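Student: quick one: sequence plus predicted model below, questions after.
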Amino acid sequence: YSDVALWEDFTAKANHRNLGEQDYSDTKLWELADGNITARSLAASLAVGVGKKAGVAVSGAGAVSENIILTQTNAYVDNSVIVSGANIDIDAENTAYINATVAAVAVAIGAGGKAGVGVSVGVSIAENLIGWDANGDKAPAEVQAYTENSSITTQGNLTLDAHSDGKIDAFVLAGSAAIAGGSKVGGALSGAGVSATNKIATYIKAYIDGDHQDNDTTNVGIRAQDVALHASDLSSITAVAAAVSISAAYGGKAGVALSVGVSLGENHISNEVGAYIVNADGAGVSTTGQVILDARSIADIDALTAAASVAISGGGTAGIAVSGAGAVAKNVILTRSNAYIQESIVDSVGDISLNGFSDSAIDATVVAVSGAIAVGGNAGIGASVGFALARNFIGWDPSAPDSDYDTSAELKTINPGITVRVLD
């Protein structure tokens with residue numbers, strides 16, 4: 001396009017429009033961008049097989065959803081000198097929310113003049129992670145308000161606020177039904193499985209680290225009327241994981257029905273909440289009012305894990321029905337809330353208040369229901385097994401390593417606080 005003869009002047013076009021300008025100084029027009037995910041993964045399958053002699057139907061449905069939020073929301077002053085005649089307020093706030101619905105339904109119907117066979121499988125898998133990566137490694141999200149290696153002088157108050165509201169709502173469902181009939185033999189096999197994993201890991205911190213710039217010999221420190229550091233966390237997981245499997249078979253001579261339903265749920269919250277002053281050992285922190293360090297957390301897990309399985313069979317000679325249902329749930333809360341002063345000089349005319357508060361709750365319901373009904377002219381055999389297990393832990397994760405190293409490692413030094421397992 002170096003040839004200007006090819007250029008066009010759009011101002012001369014009849015359809016040219018002046019788009020004008022938009023004034024966004026009015027904050028009512030602002031929109032907050034946050035880390036929210038709404039996911040819907042649905043799968044359905046239907047198979048019907050009808051034959052003069054044999055009818056065979058095989059159906060399978062699978063739904064998989066993986067949702068990950070790795071966010072950093074940090075408001076800070078670093079290696080600076082600030083002088084102000086008004087209040088200084090540093091705020092960091094984040095709302096991370098995952099709303100996931102995953103469902104899979106499979107139905108198979110087989111009918112034949114002599115034999116009918118129906119096989120159906122439905123599977124749903126969901127992973128909802130805040131502060132964990134796709135490899136399953138912990139990569140905590142950050143919500144921090146802090147000053148680092150900085151001196152601050154203000155005639156007003158110095159306030160640092162960090163708040164996080166992390167939430168996961170997960171509904172993971174799987175259903176499967178197999179129906180088969182034949183004049184001689186009917187066989188139905190149905191299976192439904194659910195796996196739901198929900199994890200939250202976030203660092204929520206409001207802190208002062210250091211009281212002057214690097215290589216600064218003036219040591220002005222932190223000067224204010226009041227110094228208040230607030231770190232708060234409100235995290236919750238609401239999870240429903242349910243699997244339902246039904247199989248029904250009838251044969252003129254024999255009917256065989258097998259049904260299995262399995263539901264697995266894991267929910268994990270491991271946040272660190274801190275309000276603290278560290279390494280302010282130059283001129284330190286000095287106030288004409290009070291010093292408040294407040295760290296508080298509320299963590300809640302509300303989980304329902306359920307599995308149901310039913311097998312029904314009938315035969316002119318024999319009917320066989322086998323059903324099994326299993327539901328296993330593991331819920332862990334490892335949140336810590338700490339307010340402290342370490343290796344620092346703090347001089348206050350008013351009170352120095354350190355508050356640490358933590359409230360953790362787990363409400364878990366685990367249900368497994370299994371039923372088998374078999375009817376036969378000569379024999380009816382029915383077998384049913386149901387298994388439910390709930391493991392709830394606050395302050396301890398039994399699956400976490402209980403040591404940093406073992407004696408097979410070649411270590412030149414062992415630092416204080418390191419644990420070593422002695423092998424047999």
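Tutor: Perfect, thanks for sending it. Numbering: from 1, shown residues only.
Student: who does the lowest-mean-pLDDT helix or strand in the chain touch, helix- and strand-wise?
Tutor: For the chain, counting by mean pLDDT, DSSP states H and E, strand 405-406 ranks last in confidence among helices and strands (a mean of 76). Contact partners of strand 405-406 among helices and strands, from 3 or more CB pairs under 8 Å, 6 or more residues apart in numbering; DSSP states H and E: strand 420-421. For glycine as for every other residue, the C-beta is placed from the backbone atoms N, C-alpha and C.
Student: list the strands paired with the strand it packs on, with their directions.
Tutor: In the sheet, strand 420-421 lines up against strand 405-406 (parallel) (DSSP bridges).
Student: the helix or strand containing Ala61: how far from the chain's middle?
Tutor: Ala61 belongs to strand 54-69 when elements are defined using DSSP states H and E. Centroid separation for strand 54-69 versus its chain: 23 Å, with CA atoms, centre = their mean, to the nearest Å.
Student: what's the following helix or strand after that strand?
Tutor: strand 72-78.
Student: so how far is the next helix or strand along the chain from that following strand off the chain centroid?
Tutor: Moving toward the C-terminus from strand 72-78, the first helix or strand encountered (DSSP H and E) is strand 81-84. Taking CA atoms, centre = their mean, the mean C-alpha location of strand 81-84 is offset from the chain mean by 41 Å.
Student: and the strand holding Ala61, what does it pack against?
Tutor: The elements that strand 54-69 packs onto, with contact taken as 3+ CB pairs under 8 Å, 6+ apart, are strand 35-51, strand 88-112, strand 115-130, strand 158-182.
Student: dump those strands to CSV, plus distance to Pro140.
Tutor: What follows is those, written out as CSV (distance: least, CB to CB, whole Å):
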stretch, distance to Pro140
strand 35-51, 14
strand 88-112, 12
strand 115-130, 9
strand 158-182, 11
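Student: just to revisit the earlier point, ok and the strand holding Ala61 relative to strand 158-182, angle-wise?
Tutor: An angle of 180 degrees separates the directions of strand 54-69 and strand 158-182 when computed by axes from the mean of the first three to the mean of the last three CA atoms, to 10 degrees.
Student: before we move on, back to that, nearest to Gly191, of the helices and strands packed on strand 54-69?
Tutor: Proximity of these to Gly191 was assessed by CB to CB; the nearest stretch is strand 115-130, lying at 4.9 Å.
Student: buried residues in the strand holding Ala61?
Tutor: When burial is assessed from 16 or more other CB atoms under 10 Å, strand 54-69 yields the following buried residues: 54-63, 65, 67-69.
Student: who does that strand pair up with?
Tutor: In the sheet containing strand 54-69, its partner strands are strand 115-130 (parallel), by DSSP bridges.
Student: report the mean per-residue pLDDT for the strand it pairs with.
Tutor: pLDDT averaged over strand 115-130 equals 93, rounded to a whole number.
Student: any idea which helix or strand comes after it?
Tutor: strand 141-148.
Student: quick one: contacts of that following strand?
Tutor: Outside strand 141-148, the residues that touch it by CB atoms under 8 Å, 6 or more residues apart in numbering are 69-79, 90-94, 96, 130-131, 160-164, 166, 201-210, 222.
Student: quick one: residues contacting Leu258.
Tutor: When the contact criterion is CB under 8 Å, 6+ apart, the partners of Leu258 are 188-190, 247, 311, 321-323.
Student: give me that answer again for 10 Å
Tutor: When the contact criterion is CB atoms under 10 Å, 6 or more residues apart in numbering, the partners of Leu258 are 119, 178, 187-191, 245, 247, 249, 309, 311, 313, 320-324, 372, 383.
Student: and what of Glu127?
Tutor: Applying CB under 10 Å, 6+ apart, we find Glu127 in contact with 64-68, 100, 102, 134, 136, 170, 195-199, 266.
Student: give me the beta-bridge partners of it?
Tutor: According to DSSP bridges, Glu66, Thr197 are recorded as the beta-bridge partners of Glu127.
Student: could you measure it against Glu66, distance?
Tutor: Separation of Glu127 from Glu66 (CB to CB, to the nearest Å): 5 Å.
Student: next: Gln72.
Tutor: Using CB to CB, we find Gln72 at a distance of 21 Å from Glu66.
Student: how long is stretch 396-409 from one end to the other?
Tutor: Counting by CA to CA, to the nearest Å, the length from the leading to the trailing residue of stretch 396-409 is 25 Å.
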